[in-house]
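Chemist: I would like to see how this sequence folds:
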Amino acid sequence: MVRYTIAVMGAPKNPESEILIQEQVIDIFHEEQLSEHFLCEVNPLGQVPVLSSAALPENIADSLEITHYLAKSYPSLIPQLYEKQITRLLADLHALNYFSLSFPGREEVAQGFVRAVQKRMEGNISEKYRDALLYKKEVIERNKVGGLQPMVTEEMNEKATFLLSELCSLLPSETYTPKGIPKGKWLFGLQRPTALDTHVVVFIARMRDVGREAIVPEQLGAYADRAIAEKEWQDVMGGRETMVAR
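Modeler: Below is the predicted model:
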């Protein structure tokens with residue numbers, strides 16, 4: 001979500017506000033996010049993305065928080081006219097448990113994360129690292145193991161369905177405004193994407209990748225198709241899906 005947001009965030013509010021982004025790849029498939037350096041110095045949650053800078057008092061280790069930080073310098077991400085709606089809807093979108101929606105009934109996936117942490121705790125490690133691993137294990141058990149309980153998965157599916165329906169209602173129903181100005185193709189009929197668009201398009205892509213395309217309204221699906229066909233998405237994703245094969 002953050003990489004796609006960066007790809008479309010437009011111009012800064014002034015030259016002094018420009019943020020130069022340098023990406024550093026974290027090899028999550030080889031558990032780099034569980035390393036001592038990452039857990040103790042970068043993000044105790046042991047997940048990506050993370051925004052790190054000498055200009056920040058501390059790392060920002062949450063996609064939504066990173067997005068709000070970027071929007072302070074790039075106002076087109078959260079236009080003032082729609083700030084309250086965008087802020088609320090982004091919060092609702094990130095309140096969903098994506099793991100629940102992505103791996104329903106696959107407790108072995110969650111337990112695999114637990115075992116990976118436990119294995120690292122078996123060695124001769126520092127107390128600081130052990131404490132960090134214990135915290136990471138608690139996070140996994142709460143969000144991943146707990147998130148796969150059938151009642152949680154069903155609740156997330158219902159909330160996602162309701163939210164996507166609400167988002168669909170924000171698509172332009174007319175081609176022109178009352179003043180004859182052409183409407184844009186993005187949410188609220190805007191000419192360029194906001195942070196809400198970037199996060200919603202990624203979420204829709206994920207729902208499709210995990211076989212939940214039925215919860216995406218047809219009109220919202222067509223909107224996502226248009227975004228996915230554009231250069232910004234293609235440059236970020238390079239033809240990949242939002243997750244590895246199940």
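Chemist: Strands of this protein, residue ranges please.
Modeler: Assigned by DSSP state E, the chain shows no strands.
Chemist: where in it is pLDDT low?
Modeler: Applying pLDDT under 70 to the chain picks out residues 174, 176-181, 244-246.
Chemist: burial count for residue 191?
Modeler: 11 (other CB atoms under 10 Å). Where C-beta positions appear, they are placed from N, C-alpha and C, glycine not excepted.
Chemist: who are the neighbours in contact with the nearest residue to it once chain neighbours are set aside?
Modeler: Spatial nearest neighbour of residue 191, chain neighbours left out: residue 184 (3.7 Å); criterion: CB to CB, 6 or more residues apart in numbering. For residue 184, the contacting residues are 172, 190-192, by CB atoms under 8 Å, 6 or more residues apart in numbering.
Chemist: Show me just the buried residues among the residues you listed.
Modeler: Among these, those scoring as buried are 172, 190 (criterion: 16 or more other CB atoms under 10 Å).
Chemist: Save the contacts of residue 184 as a markdown table, and put in distance to residue 33 too.
Modeler: Listed next are the contacts of residue 184 as a markdown table, based on distance: CB to CB, whole Å:
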| residue | distance to residue 33 |
| --- | --- |
| 172 | 40 |
| 190 | 35 |
| 191 | 37 |
| 192 | 33 |
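Chemist: Among the contacts of residue 184, which one lies nearest to residue 222?
Modeler: Among those, residue 172 lies closest to residue 222 (CB to CB), at 12.3 Å.
Chemist: The protein: helices as residue ranges?
Modeler: Using DSSP state H, the helices of the chain run over 2-8, 36-37, 63-73, 83-94, 98-102, 107-121, 127-140, 150-168, 195-209, 218-228, 231-237.
Chemist: Give the other helices and strands that the shortest one contacts.
Modeler: In terms of contact count using 3 or more CB pairs under 8 Å, 6 or more residues apart in numbering; DSSP states H and E, helix 36-37 is assigned the packing partners helix 127-140.
Chemist: cool, the fourth one as well?
Modeler: Counting contacts by 3+ CB pairs under 8 Å, 6+ apart, helix 83-94 is packed against helix 63-73, helix 150-168, helix 195-209.
Chemist: Looking at those, which is nearest to residue 232?
Modeler: Closest approach to residue 232 among these (CB to CB): helix 195-209, 8.9 Å.
Chemist: could I get that closest one in CSV with only the CA atoms?
Modeler: Extracted in CSV, the C-alpha atoms of helix 195-209 (Å, rounded to 0.1, in the frame of the first residue of the first chain):
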residue,chain,number,x,y,z
ALA,A,195,-4.4,7.8,-0.3
LEU,A,196,-7.8,6.2,0.0
ASP,A,197,-7.7,5.1,-3.7
THR,A,198,-4.2,3.6,-3.3
HIS,A,199,-5.1,1.6,-0.2
VAL,A,200,-8.5,0.4,-1.6
VAL,A,201,-7.0,-0.7,-4.9
VAL,A,202,-4.4,-2.8,-3.1
PHE,A,203,-7.1,-4.3,-0.8
ILE,A,204,-9.3,-5.2,-3.8
ALA,A,205,-6.3,-6.9,-5.5
ARG,A,206,-5.6,-8.9,-2.3
MET,A,207,-9.3,-10.0,-2.1
ARG,A,208,-9.1,-11.2,-5.6
ASP,A,209,-5.8,-13.0,-5.1
